[in-house]
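> give me coordinates for this.
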Amino acid sequence: MLKKGNCLMVAVPGELDHHTAEPIRRAVDKRLEEGVVRNVVFDFRNTTFMDSSGIGMLMGRYRLLRYMGGTVTAIHVSDRLLRIMQLSGIHKFIEISQETVWTQKRK
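Residues are numbered from 1 along each chain as shown. Purely as a prediction, here's the structure:
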């Protein structure tokens, strides 16, 4: 996690599931309790898998930050994760930034 001003950048691990969502939730909530953070950016650059625990963790942070007047953003979201976010409906609540992800090596 990297904090700059009132923004907290969270590097999401390769898999955001029930094993990893809870430690991320605790760490982000600890920073939110300090009262300085108003914007949380989740960087999905290295993430290849996310389940309902990950969606729940994101929605929970969205609810907390909305109450505090802040925002949640997801960046570097792959096509696969974008589809999961669309199916879950989370894209209606948090800003999602997607960059092109190459799934095959170019020759």
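> for the residue lying closest to Cys7 once chain neighbours are set aside, list the residues it contacts.
Excluding the flanking residues, the one nearest Cys7 by C-beta to C-beta, 6 or more residues apart in numbering is Asn39, at 4.5 Å. The way it works is simple: take the backbone N, C-alpha and C, and place the C-beta from them, glycine included. With contact taken as C-beta atoms under 8 Å, 6 or more residues apart in numbering, Asn39 is in contact with Asn6, Cys7, Leu8, Leu65, Gly70, Thr71, Val72, Thr73.
> the second one - how many residues pack around it?
So the one you mean is Cys7. As a burial measure, Cys7 scores 16 neighbours (other C-beta atoms under 10 Å).
> Val36 is in contact with that one, correct?
No. Taking C-beta atoms under 8 Å as the definition, Cys7 is not a contact partner of Val36, at 9.8 Å.
> check which residues of the longest helix along the chain are buried.
Longest helix in the chain by number of residues, with DSSP state H as the criterion: helix 52-68. By neighbour count on 16 or more other C-beta atoms under 10 Å, the buried set for helix 52-68 is Ser53, Gly54, Ile55, Gly56, Met57, Leu58, Met59, Arg61, Tyr62, Leu64, Leu65.
> secondary structure element for the residue lying closest to Leu2 once chain neighbours are set aside, which one?
Leaving aside its chain neighbours, Leu2 sits nearest to Met9 (4.5 Å; criterion: C-beta to C-beta, 6+ apart). Met9 is part of strand 7-11 when elements are defined by DSSP states H and E.
> which residues are contacting that strand?
Residues contacting strand 7-11 (C-beta under 8 Å, 6+ apart): 1-3, 24, 27-28, 31, 37-43, 45-46.
> helices of this protein, start to end?
Under DSSP H, the chain gives helices at 21-33, 52-68, 79-88.
> is the residue positioned nearest the centre of the chain in a bridge, and if so with what?
Nearest to the geometric centre of the chain sits Phe42, at 3.4 Å (C-alpha atoms, centre = their mean). Judged by DSSP bridges, the bridge partners of Phe42 are Val10, Ala74.
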